[in-house]
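J.: Task: produce atomic coordinates for the following.
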Amino acid sequence: MKKIFKKRKKKLGLPPGTLVYDGEEQAGKTRVTVIDYDKERLEEKVVEDIEESFPFRDSSSVTWINVDGLRDVKLIESLGNHFGFHTLVLEDILSTGQRPKFEEFEDHLFIVLRMLDYSDEDNEITTEQVSLLVGKNYVISFQEHEGDLFGPVRERLRNRKGRITKQGADYLAYSLIDIIVDNYFNMLEKTGDRLETMEDLVIEKPEPETLQQIRAIKREMIFLRRSAWPLREVISNLERAEPGIIHKSTKIYLRDVYDHIIQVVDTIETMRDMISGLQDVYMSSVSNSMNEVMKVLTIIATIFIPLTFIAGIYGMNFEHMPELKYPWAYPAVWGVMAIAAVLMVVFFRKKKWM
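T.: Residues are numbered from 1 along each chain as shown. Here you go, the predicted model:
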């Protein structure tokens, strides 16, 4: 299960702007892909040397540079120096525990998002930091691992569908943000299905494993909330960004993303209430089951109290006990004990305790 709080020992005591990757260890090298396009043409390639992407900074077309893997700190530093990004921005890119945020600079915007995915193998939500740097004619995206949700955006570019090839870099950035936000709904839908299953299990057959599953979903809600809640502020600041990078025509679409974020946050809060309710129902179900067991044991013990009392009297070792000399004393005692037990059972049934 993923940790909620990241450790940052690698950066302890280092001066601001020191570039150190503090994420998970990664196999393989950093992969850089470039998609350069305008209304008439599209060029897509994998960059072997990061310097191959440098000329795209001043091109008149729109360029999307995607960096998969943050292990190669020198590559990211070289890219940042060429495009003129502040060292604190590069530091935030390499610090993978960042809260979603937005920062505005003179010639570019810096956006941090959390991209979520569902692991069928581990049966839990995984989270990954995505950093976007948006200029007038370029978008540079940084991801922790290879593989993302941006396949539909690439297909739209390749097939030249929709308005994406006719718009600028700001619309491309919106498209990437939008697909990340839309995926939150998929995560919520899967989590909602699991919650419905949990409801039936909690009521019908509450077991310790069920409680563990509820706690796992609760942790996932923490990831979802930490990813979605700050996005409201991010999208709101993007809408209010100074003209130049984010055009007025794109702000309309950003308002739509903002509405989606509000829906996501509301759904998350509703699910958190449901989880709290499930925990209460689980504890109540377990308590009720325990009460039923205790009720049965109490009834049995209560029935045997007078029988034990009678047996205790005639179990005393006194010589002059008159009933011991009677020939029918033994069956008479059994009869009294049976009658007492029957009367108590009848009484409990009348009271509807049985």
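
J.: Packing partners of the helix or strand of the chain with the lowest mean pLDDT?
T.: Ranking every helix and strand in the chain by mean pLDDT, DSSP states H and E puts helix 208-228 at the bottom, with a mean of 83. Helix 208-228 is packed against strand 109-119, strand 124-134, helix 169-204, helix 248-313, with contacts defined by 3 or more Cβ pairs under 8 Å, 6 or more residues apart in numbering; DSSP states H and E. No exception for glycine: its C-beta is placed from N, CA and C like everyone else's.

J.: wait, doesn't Glu233 sit right on Glu103?
T.: No: Glu233 is beyond contact range of Glu103, at 11.8 Å (criterion: Cβ atoms under 8 Å).

J.: For the helix or strand hosting Ile76, give the mean pLDDT please.
T.: Secondary structure assigned from DSSP states H and E places Ile76 in helix 73-83. Taken as a whole, helix 73-83 has an average pLDDT of 90.

J.: Name the residues of the next helix or strand after that helix that are buried.
T.: Next in sequence after helix 73-83, counting helices and strands by DSSP H and E, comes helix 87-94. Buried residues in helix 87-94, counted by 16 or more other Cβ atoms under 10 Å: Val89, Leu90, Glu91, Asp92, Ile93, Leu94.

J.: How about residues contacting stretch 323-332?
T.: Stretch 323-332 is contacted by residues Tyr314, Val333 when judged by Cβ atoms under 8 Å, 6 or more residues apart in numbering.

J.: you'd agree Ile339 is in a helix?
T.: Yes: counting by DSSP: H, G, I helix; E, B strand; the rest coil, Ile339 is part of a helix.

J.: Count the neighbours of Gln213 for me.
T.: 19 (other Cβ atoms under 10 Å).

J.: same deal with Ser60?
T.: Ser60 has 6 neighbours, counted by other Cβ under 10 Å.

J.: go on, the one 10 residues further on?
T.: The local packing of Leu70 (other Cβ under 10 Å) involves 24 other residues.

J.: Low-confidence bits of the stretch 51-200 of the chain, can you list those?
T.: Scanning the stretch 51-200 of the chain for pLDDT under 70 picks out the ranges 120-123.

J.: is it true that His247 touches Leu172?
T.: No: the pair His247 / Leu172 is not scored as a contact, 11.9 Å apart, by Cβ under 8 Å.

J.: Quick check on those two: which one has the bigger neighbour count.
T.: Neighbour totals were compared for His247 and Leu172, and Leu172 leads with 25 against 14 (other Cβ under 10 Å).

J.: what's the distance between the spatially closest residue to the more buried one that is not a sequence neighbour and Glu44?
T.: Once flanking residues are discounted, Leu172 sits nearest to Val139: 5.0 Å by Cβ to Cβ, 6 or more residues apart in numbering. From Val139 over to Glu44 the distance is 14 Å, taken as Cβ to Cβ, to the nearest Å.

J.: Show me which of the two is the more surrounded one.
T.: Val139 (26 against 13).

J.: how's the chain carved up into domains?
T.: 19-285, 292-350 (automatic domain parsing).

J.: which one of these is the most hemmed in?
T.: Highest mean neighbour count of these: domain 19-285, a mean of 17 (counted as mean count of other Cβ atoms under 10 Å).

J.: Go ahead and name everything in contact with the least confident helix or strand of the chain.
T.: For helix 208-228, using Cβ under 8 Å, 6+ apart, the contacting residues are 1-2, 4, 99-100, 113-114, 116, 123-125, 127, 184, 187-188, 191, 194-195, 198, 201-202, 261, 264-265, 268, 271-272, 275, 278-279, 282.

J.: Let's see the very next helix or strand once past that helix as CSV, backbone CA atoms only.
T.: From helix 208-228 onward toward the C-terminus, using DSSP H and E, the following helix or strand is helix 231-239. The C-alpha trace of helix 231-239 is given here as CSV (Å, rounded to 0.1, in the frame of the first residue of the first chain):
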residue,chain,number,x,y,z
LEU,A,231,-7.0,21.6,-8.2
ARG,A,232,-9.9,24.0,-7.7
GLU,A,233,-7.4,26.7,-6.8
VAL,A,234,-5.1,25.7,-9.7
ILE,A,235,-7.8,25.9,-12.3
SER,A,236,-9.2,29.1,-10.8
ASN,A,237,-5.8,30.7,-11.0
LEU,A,238,-5.4,29.5,-14.6
GLU,A,239,-8.6,31.3,-15.5
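
J.: Check the gap between the residue nearest in space to the middle of the chain and Ser119 for me.
T.: Most central in the chain under Cα atoms, centre = their mean is Glu220, positioned 2.6 Å from the mean C-alpha point. Look at Glu220 and Ser119: by Cβ to Cβ, they are 11 Å apart.
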